[in-house]
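>>> model the following, please.
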Amino acid sequence: MPDITADLVTELIARHVPALAGLPVTPVARQGWDNRTFRIQDTHCARLPSADGFSAGVEKEDHVLPILAPHLPVAIPDVVTSVPPSADFGRPWTVRRWLSGRTPDECPDLDRTQFAHDLGAFLRTLREAPTDGGPWAGGHTAFRGCHPSVYADEVQRTLSRELPIDTTQCRALWLAGMDSAWEGEPVWFHGDMAVGNVLVDSGKLSAVIDFGQCGVGDPACDLTIAWTYFRGTERQVFAEAVNLDAGTWRRARAWALWKALIQLESPGDALYSIHNDALLEILADPVAPRRGLATPHR
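From the prediction side, this is the model:
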């Protein structure tokens, strides 16, 4: 496969999307792991999988985004055209409308408490969207939407090593997350609810992007942002807006623990410090929702 550069994307657009040929193409400043994104003037963007294993996520988004869009309170990506694998680029890729905004960590004046409420309300609305045609959780979601026990071996392996953390508390936290399961009908989850996949415009939540790991299953995986981004009372506001039961929050905490622990194995990784800080929050705050919050029963 060729390197994914602005020059390559310019050539691909000229060949496969002639209506946009000749427009300036620039890489976005903040790239994800699964895909490379390039802005096309001020109106569109091209999204190309960074490896063969991520092609399925692009194809899935083509299917699910039109299903979800009418039911959500903020913008999500709108696919303009999909390009199949070709001789010049052997993976499918898409052109989408450009969504303006910045990620929350780029907005120092953001009202974080209001944002916590708005993001929690978004996830609640996502959970309530009709699931007809939605893909069930599994390998294509990296097992998000499944029970966190799917990664028990990785957690156990990591905790068997010498780490600068309270491994006894970590084991207890993990086991607490194993004592419940989602008992209702499967619901929509985003699958990668990270700060880089949320956009803010004029101080308000404006868009949610990157649905490549979304599916239908247990929504606990979407709550990890409670520890990776929110702090203190913001976390409680988020929990109240999400409106999920204590068992789901214990599984969410297990998901967050797994992610933080595997990052501790790569101290040179750019996300190491973020997850190291998050681990302190995970261990300190179990996020006990107030009485009266919804249960997963329907």
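
>>> find the least confident helix or strand in the chain, judged by mean pLDDT.
When each helix and strand of the chain is scored by mean pLDDT, DSSP states H and E, helix 272-284 comes last, with a mean of 84.

>>> that one: which residues count as buried?
Going by neighbour count (16 or more other C-beta atoms under 10 Å), the buried part of helix 272-284 is 274, 275, 278, 279, 281, 282, 283. (Each C-beta comes from the backbone N, C-alpha and C, glycine too.)

>>> stretch 185-194 now?
Residues of stretch 185-194 classed as buried: 186, 187, 188, 189, 190, 191, 192, 193, 194 (neighbour count, 16+ other C-beta under 10 Å).

>>> also stretch 79-87?
79, 80, 83.

>>> so which of those belong to strands?
Counted as lying in strands by DSSP state E, out of the buried residues of stretch 79-87, are 79, 80, 83.

>>> pick the one among these closest to residue 12.
Nearest to residue 12, judged by C-beta to C-beta, of these is residue 83 at 7.3 Å.

>>> quick check: the closest residue to residue 151 other than its chain neighbours vs residue 287, distance?
In space, and not counting its chain neighbours, residue 151 is closest to residue 258: 4.8 Å by C-beta to C-beta, 6 or more residues apart in numbering. Distance of residue 258 to residue 287, computed by C-beta to C-beta, to the nearest Å: 16 Å.

>>> what average pLDDT does the helix or strand where residue 124 lies get?
Using DSSP states H and E, residue 124 sits in helix 112-128. For helix 112-128, mean pLDDT rounds to 98.

>>> same thing with stretch 28-38?
85.

>>> neighbours of residue 229, just the number please.
By the measure other C-beta atoms under 10 Å, the count of residues near residue 229 is 23.

>>> and it, what does it touch?
Contact analysis of residue 229 by C-beta atoms under 8 Å, 6 or more residues apart in numbering lists 104, 105, 195.

>>> repeat that with 10 Å
Neighbouring residues of residue 229 by C-beta atoms under 10 Å, 6 or more residues apart in numbering: 104-105, 112, 115-116, 119, 193-195, 198, 235, 238, 274, 278, 281.

>>> grab the longest helix from the chain for me.
Criterion DSSP state H: the longest helix present in the chain is helix 246-264.

>>> which secondary structure elements does the least confident helix or strand of the chain contact?
Under the contact criterion of 3 or more C-beta pairs under 10 Å, 6 or more residues apart in numbering; DSSP states H and E, helix 272-284 touches helix 167-177, helix 225-228, helix 246-264.

>>> let's see it at 7 Å
In terms of contacts (3 or more C-beta pairs under 7 Å, 6 or more residues apart in numbering; DSSP states H and E), helix 272-284 is packed against helix 225-228, helix 246-264.

>>> residue 126 and residue 53: what is the separation?
25 Å.

>>> wait, residue 137 sits on residue 215?
Yes. The pair residue 137 and residue 215 passes the contact test of C-beta atoms under 7 Å, sitting 4.5 Å apart.

>>> mutual contacts of those two, please.
Here residue 137 and residue 215 have residue 145 as joint contacts, going by C-beta atoms under 7 Å, 6 or more residues apart in numbering.

>>> if you count surrounding residues, which of these two has more?
Counted by other C-beta under 10 Å, residue 137 and residue 215 do not tie: residue 215 has more neighbours, with 28 against 25.

>>> these two touch, right, that one and residue 131?
No. Assessed by C-beta under 7 Å, residue 215 is found out of contact with residue 131, at 9.6 Å.

>>> so which residue is dead centre in this protein?
residue 192 (1.6 Å; C-alpha atoms, centre = their mean).
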